[in-house]
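In: Below are the sequence and a predicted model for it; my questions follow.
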Amino acid sequence: MLNFIYYPVSAIMWFWHKVFGFVLGPSNGFAWALSVVFLVFTLRALLFKPFVHQVRSMRKMQEFAPQIKKLQEKYGSDRQKLAQEMQKLQSEHGVNPLGGCLPALVQIPVFIGLFHVLREFQPWKGENYVFGRSEIVSFNDATIFGAKLSTFMTMPAKELADFGVERMDVIFVAIPLMIIASFATHFTARHSVARQTEAAASNPQTAIMNKVTLYLFPIGVLAGGPFFPIAILLYWLSNNIWTLGQQYVVYHKIDREEAEKKETTTAQRQSLAPRPGQKPVRPKGARRPAESGATDRATAGTAPGEASGTSGTAPDRTHPKKQQKQKQARKRR
């Protein structure tokens, strides 16, 4: 049913086994372990650009977090309207929330596919998707520190006997992998949470998700570790190591870009601003502030025609007594 997942996953693992098997030997346990690790690295490298887009989208969403909060306060009771306004706001800022989920969504079928392929490496199997009978035998004969990659701590004793390993050998390898994977999960989540703004971290839903990723996921690795094959623990560990390194590189790259952008903006402002002691340069044809104020005072309180000078004479602002004397003088003449 899910062959479209199983075949690509097994093909990538087959390729890396051929590479490391050529160097270390086809039945070498570390050649098979490295094929699992580089299966993870290959898939995560393909998802590098979507991850960068996810980080940039998160940064943009943090920038307009106050607007989101206002929308939630305004349309809190109307979920449909809130969703429409949120979608409109995200579209205006060029943010696609589904794009940010892509790396996490793609890893789910990969995990399922790898788990299934590893479970199919049974001693009695004739083939396992792209792997033939000889490669199944090679996988089951390979060990790392005495444990087989398909075995897990709670595996029934009969199945362990079929693989020819002791339970303590599996425990000896699985427990350190569980602990390291758990710590890697915690530090990966902590590094991501540390990049959030105060506004985002204060959101109740975000605070709950932060606690889940910081503590519940690492505990889940410890709780589920006894039921996972050694190869799955290797997958989980290498996936978190890659994620931690990828976050460090991408976050620092974006920080440098933003710092350079701020420096450029500051330099442009400083180049346009007048130097200390230098008089501001007035554009050609512009009036001085004093002239502008005198003109405004002269035109205040006059009719439109007078203010624009259409009457052809200046307004008579003589004292009333003087006006009366002038009229009498004109009559005598």
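Out: Right, received. Where do you want to start?

In: Which of the helices or strands spans residue 252?
Out: If you go by DSSP states H and E, residue 252 is part of helix 230-272.

In: mean confidence score for that helix?
Out: The pLDDT scores in helix 230-272 average 85.

In: Packing partners of it?
Out: helix 29-46, helix 48-63, helix 97-119, helix 167-193 (3 or more Cβ pairs under 8 Å, 6 or more residues apart in numbering; DSSP states H and E). C-beta: built from backbone N, CA, C; applies to glycine.

In: Can you name the element that comes right after the shortest one?
Out: Past helix 48-63, heading to the C-terminal end, the next element that is a helix or strand (DSSP H and E) is helix 65-74.

In: Off-centre distance for that following helix?
Out: 21 Å (Cα atoms, centre = their mean, to the nearest Å).

In: ok, now stretch 2-16?
Out: Distance, centroid of stretch 2-16 to centroid of chain: 28 Å (Cα atoms, centre = their mean).

In: Return the set of buried residues in that stretch.
Out: For stretch 2-16, the neighbour count (16 or more other Cβ atoms under 10 Å) marks 5-6, 8-10, 12-14, 16 as buried.

In: Rank those by pLDDT and give me only the lowest.
Out: Pick the lowest pLDDT in the buried residues of stretch 2-16 and you get residue 5, at 87.

In: and the helix or strand that contains that residue, what other elements does it pack with?
Out: Assessed by DSSP H and E, residue 5 sits inside helix 3-24. For helix 3-24, the packing partners by 3+ Cβ pairs under 8 Å, 6+ apart come out as helix 29-46, helix 97-119.

In: now the shortest one and helix 48-63, what's the angle there?
Out: Direction vectors for helix 29-46 and helix 48-63, defined by axes from the mean of the first three to the mean of the last three Cα atoms, to 10 degrees, enclose an angle of 50 degrees.

In: can you tell me how far the closest residue in space to residue 154 that isn't next to it in sequence sits from residue 137?
Out: Spatial nearest neighbour of residue 154, chain neighbours left out: residue 226 (4.9 Å); criterion: Cβ to Cβ, 6 or more residues apart in numbering. Going from residue 226 to residue 137 by Cβ to Cβ, to the nearest Å gives 27 Å.

In: just to revisit the earlier point, tabulate the helices and strands packed on helix 3-24 (CSV), appending mean pLDDT and mean neighbour count.
Out: Below are these laid out as CSV (pLDDT from 0 to 100; neighbours: other Cβ atoms under 10 Å):
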stretch, mean pLDDT, mean neighbour count
helix 29-46, 92, 20
helix 97-119, 73, 16
